[in-house]
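okay, predicted coordinates and the sequence, questions at the end:
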Amino acid sequence: KLEEFLNFKQLKTSLKEAILLDYYTAGFWWAKERNFSVIQLSGFMDLLNFLLENLSDKHMTLGDNLKELGKAMAGIGETDSERSGELNFFSIEQAKAIIDYLNISLFKQYKLYEYLFHSPREEVVISNE
């Protein structure tokens, strides 16, 4: 279902599509295992997409993307509504878990994702035909 939602048409022959499907699927199941509400799950998936777009479209460095994550997470746990950010539906514990997850999923592999998006390469298609 997720591949249809992401509109991936070449999943069997595109390494990029396969990697992105894995990225989003792993994130989705991680959030489901933590019993995120529908709103939290949607916010988490938006965050995954936001950080990946920063890397792919805006060519952000790891440091700059970490700063963007900090801005997005700012205000979580604050009771003052003026200071709470867009992700204020997460608890502090959930925010810490999200940061830990992003560290092992996206940020630890950042150079590989940069290579995926910004390095030209030949696609070799292997088939039985």
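Here it is on my side, so go on.

do you know the pLDDT at the most centrally placed residue in the chain?
With distances taken as CA atoms, centre = their mean, the chain has Leu48 as the residue nearest its mean C-alpha position (2.2 Å). The confidence metric pLDDT takes the value 96 at Leu48.

identify the residues contacting it.
Tyr23, Tyr24, Gly27, Leu106 (CB atoms under 8 Å, 6 or more residues apart in numbering). Just so you know, the C-beta spots here come from the backbone N, C-alpha and C atoms, and that holds for glycine as well.

let's see that with 10 Å instead.
Going by CB atoms under 10 Å, 6 or more residues apart in numbering, Leu48 touches Tyr23, Tyr24, Ala26, Gly27, Phe28, Trp30, Ala31, Ile98, Tyr101, Leu102, Ser105, Leu106.

Asp22 too?
By CB under 10 Å, 6+ apart, the contact set of Asp22 is Ser105.

tell me, what's the model's pLDDT at it?
On pLDDT, Asp22 comes in at 90.

one more: Gly70?
pLDDT for Gly70: 92.

check which helix or strand it maps to.
Assigned by DSSP states H and E, Gly70 belongs to helix 62-73.

against which helices or strands is that helix packed?
Applying 3 or more CB pairs under 10 Å, 6 or more residues apart in numbering; DSSP states H and E, one finds that helix 62-73 contacts helix 38-56, helix 92-102, helix 110-118.

residue ranges with poor pLDDT in the chain?
For the chain, the stretches flagged by pLDDT under 70 are 1-8, 10-13, 79-85, 121-129.

now do 50
Applying pLDDT under 50 to the chain flags residues 83-84.
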